[in-house]
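J.: With the input below, show me the fold.
(one chain, ligands or ions: 1)
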Amino acid sequence: MKDKVFRSLIVVSLLFTTISFSQSSDYAAGKVANGGVISGRVTFSGQLVAPKILVVTKDKNVCGRSTHKDESLLVGENHGLKNVVVYLTDIKTGKAWSAPAAGYKLDQEGCQFSPHIMVVPAGQMFEILNPDGVLHNIHTYSERNAAINKAMPKFLKKLKLSFEQPEIIKVNCDVHNWMGGWIVVAASPYYVLTDEHGDFELDGVPAGTYMLKFWHEKLGEQTQAVVVKPNETVKVTTAFQGAK
Ligand SMILES: [Cu+2]
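T.: Now for the predicted structure:
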């Protein structure tokens with residue numbers, strides 16, 4: 001009996017060692033002296049189609065107050081592609097994380113996820129908000145993290161979640177089938193989304209050679225090597241072609 005308890009204690013402690021080792025803690029944050037900047041623009045070279053309007057089929061009195069636009073492919077002036085996740089895949093030391101002033105929050109007001117793509121550090125607790133007083137059901141689709149499938153009854157205004165492993169996770173609401181978004185669980189602070197012009201900037205990057213990844217929810221991903229020099233800005237551009 002004693003033996004059994006002892007053995008399971010070993011198993012448990014091994015488990016914890018593995019988990020804590022593989023967490024975001026393998027990124028070491030500190031001060032970056034003479035960091036460089038990666039600045040650039042992502043464009044869409046495929047055929048332009050206006051975003052669809054999503055049909056609200058349920059809880060219309062609340063969810064139908066505003067128009068819901070399909071946000072899965074947003075192209076601005078001069079073909080600038082919005083909401084591309086741009087990040088360094090192989091950086092282990094660099095600048096400190098900087099949290100948004102309002103904290104990490106994924107809102108469901110009006111029955112849509114806002115922001116459509118949320119970036120949150122691995123292991124960081126964040127809030128999912130339900131201000132409307134309707135039932136939602138958070139459902140995530142992931143490979144490296146456990147799936148979340150949780151009802152948020154109308155009286156539950158807040159739910160706290162965190163994901164330990166860096167991964168880009170799809171999130172849907174099972175109650176309102178038009179609700180879709182993404183949670184980007186970041187391995188380092190070097191993750192950014194392109195704006196409505198397709199522009200992005202990653203600053204405070206220690207000098208070195210890195211792999212820069214571009215991920216778009218509909219158009220797939222691209223990778224390119226980038227060389228960052230001290231106190232200099234390196235310009236990077238890329239284009240995504242039509243939907244796959
Ligand atoms: Cu919902």
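J.: can you pull the contacts of the residue most central in space within the chain?
T.: Taking Cα atoms, centre = their mean, the centroid of the chain lies closest to V184, which sits 1.8 Å from it. If you count contacts by Cβ atoms under 8 Å, 6 or more residues apart in numbering, V184 has them with V85, I117, M118, V119, V120, I168, I169, Y191. Using the backbone N, CA and C atoms, a C-beta is placed for each residue, glycine as well.
J.: what about the fifth one, neighbour count?
T.: Using other Cβ atoms under 10 Å, V120 has 22 neighbouring residues.
J.: try the first one
T.: Here the neighbour count serves as a burial measure; for V85 (other Cβ under 10 Å) it reads 21.
J.: There's contact between it and F214 in this structure, I believe.
T.: Yes. Here V85 reaches F214: they are 7.4 Å apart, a contact under Cβ atoms under 8 Å.
J.: SS state for the residue nearest to the centre of the chain?
T.: strand (DSSP: H, G, I helix; E, B strand; the rest coil).
J.: ditto for H197
T.: coil.
J.: Quick check: chain neighbours aside, which residue is closest to it?
T.: G80 (4.1 Å; Cβ to Cβ, 6 or more residues apart in numbering).
J.: beta partners for the residue nearest to the centre of the chain?
T.: Following DSSP bridges, V184 is listed with bridge partners V119, I168.
J.: Check what pLDDT it gets.
T.: Note for V184: predicted pLDDT of 98.
J.: swap in I169?
T.: On the pLDDT scale, I169 gets 98.
J.: doesn't I138 make contact with it?
T.: No. Applying Cβ under 8 Å, one finds I169 not in contact with I138, separated by 11.0 Å.
J.: Break the chain down into its domains, please.
T.: 28-51+70-96+190-244, 99-188 (automatic domain parsing).
J.: Give me the contacts around the stretch of helix or strand R41 belongs to.
T.: Per DSSP states H and E: R41 is located in strand 36-44. Contacts to strand 36-44, defined as Cβ under 8 Å, 6+ apart, come from residues 73, 75, 78-81, 84, 86, 194, 197-207, 212, 214, 219, 226, 228-241.
J.: what about 6 Å?
T.: 75, 79, 81, 84, 194, 198-199, 201-203, 205, 207, 226, 228-229, 232-240 (Cβ atoms under 6 Å, 6 or more residues apart in numbering).
J.: What's the ChimeraX line that selects buried ones from those?
T.: The buried subset of the contacts of strand 36-44, as determined by 16 or more other Cβ atoms under 10 Å, is captured in ChimeraX by this line:
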select :75,79,81,84,194,198,202,205,226,228,234,236,238,239,240
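J.: Of the contacts of strand 36-44, which belong to strands?
T.: 199, 201-203, 205, 226, 228, 233-240 (DSSP state E).
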